[in-house]
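Colleague: Sequence first, predicted coordinates after that:
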Amino acid sequence: MRSDNIKKGIARTPHRSLLMATGVSRKNMESPFIGIASSFSDLVPGHIGMRDLERQIEKGIHSNGGQAFIFGVPAVCDGIAMGHSGMQYSLPSRDLIADCIETVANAHQLDGLVLLSNCDKITPGMLIAAARINIPSIIVTAGPMLDGESKCEKLTMIKGAFEAIGKYRNGEITEERLLELEATSCPSAGACQGLYTANTMACLTEVMGMSLPYCATSAAVSAEKRRIAFESGMQIVDWVREDKKPLDIITRDSLRNAIIADLAMGGSTNSFLHILAIANAAGIGESSMLADTSPQPSPQGEGVNLRDFEELSHKIHQFVKLEPSSDITMTKFHQAGGIPAVVDELTRSVPEFKGGEIKNVYADKTIIHDYSEPFTTKPGLGILYGNIAPEGSVIKISAVDESCYEFEGTAKTFDSEEEAMQALENDLIKAGDVIVIRYEGPKGGPGMREMLAPTSLLVGKGLGTKAALITDGRFSGGTRGICVGHICPEAANGGVIALIKDGDKIRIDINKRTLDLLVPQEELDERRKNLKPFVSSVKGYLGKYSRTVQDASHGAIV
């Protein structure tokens, strides 16, 4: 075992003495040493119930002959960090989490890992760490929160709280009702109720095979989740004995399976960033190909890149439609069959999906349709190219009304999220406008903040089908409306988005997968002559991140 490096032989007497100080018995010195990387936090609703799950995982490890050690990693709640400078730390925290796990696991020569996660950047950070370290590892995602309810109205964090702000400011609801929605939209521990980033990444983790069946969708406060945590503890000891490692599971095929499932369910656009970053950590994300504008995806045996998303987005139908694109929450999705039912349908219906046979799977066909009878033949997500985004941009097609698939509007430019929010709050955005939020990319932000606040306010004000928003930042999985993010190159790298002026015309065509600024190239060349180079004055962790991060088409890896 790898842990023999810290516990075998006369020379390791001091090491064993220190381990015994932690409570390890002499007998358990012979056991596999399993780390439980826990992202428990009193600050994050998705993580407040993890102390109980830690106990269940620990019981499972010890029941199967392992020795468990719990250690902590950071967790950021995107909802709480949103709308202010705190959101700059969310995406960078993904790589910080991976570094923390790598440091502890390698410094102490652990034999295996159970990675206890839930929210937006924590799960991909843990997957990156697992691929990088490549010792037996399993993910336990803590699960979604229960649905909110008030006066017989079903609620979620997005539709109950975020969009209530716009309704209140429009005079549609009273302050009393606003406070009722605030108090009842998030009623329990768990990740927010829809197919936002946290639950998208939990689902894709299960699709890849890095967590046990039904882990992604079983509620955070359920007995089923506790049993899954226990069984995951049992499973990791078996994987250590079998020497089953993450890179046996995270392959080009399993990552493409994750992309296919993401498209079929209409998951969060953030998954594009995270899958590319996981592929890079696994050694199958070929950086030299990621910005390639050739029409072919990466061939078998080569890396996963943005063109894999583009290729598959033209083939995959969306046969699951969850909140925020519908009223179906994760609770209902779990009851309908969850990820095993989705994998079963994809295995039988999509040749590109390399799944295995799943027996005795239940599927509620009103929620998980047959692939031959999809909600739409359009995928849930798409990649747009054009002169604004020659290296790609991302849109959540499933969250756009079909009447808006072709949209042309007038640019109103803002160099930060705060400026755009001020304009929205002061009713300066009208039907036919295209809000342009720039200098919010990985480098320029720094940290590529999510734009859920402005997009929610846009919808809340009744402009969700009448105005658009484009940005080099990113969106929450809860975003809906005509919203294009991840524009590459970003403004801080001299992208065309930095050259847009108020009054310019912008065309978004989802059917053709294009995003274009309707300004002659000669005019853009003149504007570029006056564009000042971006210089970041940010210090500390974000300063280091800004200097080392690559663009969104590379997964914002550092």
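Modeller: The structure has been received and is ready for your questions. Residues are numbered from 1 along each chain as shown.
Colleague: Quick check, residue 458 in contact with residue 424.
Modeller: Yes - using CB atoms under 8 Å, residue 458 makes contact with residue 424 at a distance of 6.6 Å. C-beta here means a position set from N, CA and C on the backbone, and glycine is covered the same way.
Colleague: the strands in the chain, which residues?
Modeller: Remark: strands assigned in the chain by DSSP state E are 33-38, 67-72, 112-117, 137-141, 148-150, 153-155, 382-384, 393-395, 406-414, 433-437, 468-471, 482-485, 505-509, 514-517.
Colleague: Compile the ones you listed into JSON lines and extend it with columns for mean neighbour count, mean pLDDT and distance to residue 178.
Modeller: Formatted as JSON lines, the strands of the chain follow (neighbours: other CB atoms under 10 Å; pLDDT from 0 to 100; distance: least, CB to CB, whole Å):
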{"stretch": "strand 33-38", "mean neighbour count": "26", "mean pLDDT": "98", "distance to residue 178": "35"}
{"stretch": "strand 67-72", "mean neighbour count": "19", "mean pLDDT": "98", "distance to residue 178": "36"}
{"stretch": "strand 112-117", "mean neighbour count": "29", "mean pLDDT": "98", "distance to residue 178": "32"}
{"stretch": "strand 137-141", "mean neighbour count": "30", "mean pLDDT": "98", "distance to residue 178": "31"}
{"stretch": "strand 148-150", "mean neighbour count": "17", "mean pLDDT": "95", "distance to residue 178": "11"}
{"stretch": "strand 153-155", "mean neighbour count": "17", "mean pLDDT": "91", "distance to residue 178": "12"}
{"stretch": "strand 382-384", "mean neighbour count": "23", "mean pLDDT": "92", "distance to residue 178": "34"}
{"stretch": "strand 393-395", "mean neighbour count": "27", "mean pLDDT": "93", "distance to residue 178": "30"}
{"stretch": "strand 406-414", "mean neighbour count": "18", "mean pLDDT": "97", "distance to residue 178": "26"}
{"stretch": "strand 433-437", "mean neighbour count": "25", "mean pLDDT": "97", "distance to residue 178": "24"}
{"stretch": "strand 468-471", "mean neighbour count": "28", "mean pLDDT": "97", "distance to residue 178": "24"}
{"stretch": "strand 482-485", "mean neighbour count": "28", "mean pLDDT": "95", "distance to residue 178": "24"}
{"stretch": "strand 505-509", "mean neighbour count": "19", "mean pLDDT": "98", "distance to residue 178": "32"}
{"stretch": "strand 514-517", "mean neighbour count": "22", "mean pLDDT": "98", "distance to residue 178": "35"}
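Colleague: For residue 193, which of those is the nearest?
Modeller: strand 148-150 (7.4 Å; CB to CB).
Colleague: any chance of the strands of the chain in a markdown table, with distance to residue 312 too?
Modeller: Shown next, in a markdown table, are the strands of the chain (distance: least, CB to CB, whole Å):
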| stretch | distance to residue 312 |
| --- | --- |
| strand 33-38 | 31 |
| strand 67-72 | 37 |
| strand 112-117 | 26 |
| strand 137-141 | 23 |
| strand 148-150 | 34 |
| strand 153-155 | 33 |
| strand 382-384 | 10 |
| strand 393-395 | 14 |
| strand 406-414 | 23 |
| strand 433-437 | 28 |
| strand 468-471 | 23 |
| strand 482-485 | 19 |
| strand 505-509 | 20 |
| strand 514-517 | 18 |
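Colleague: and the residue nearest the centre of the chain, what is it in contact with?
Modeller: Among the residues of the chain, the one closest to the centroid is residue 197, at 3.8 Å (CA atoms, centre = their mean). The contact partners of residue 197, by CB atoms under 8 Å, 6 or more residues apart in numbering, come to 78, 120, 268, 270, 271, 476, 477.
Colleague: Great, nothing more from me.
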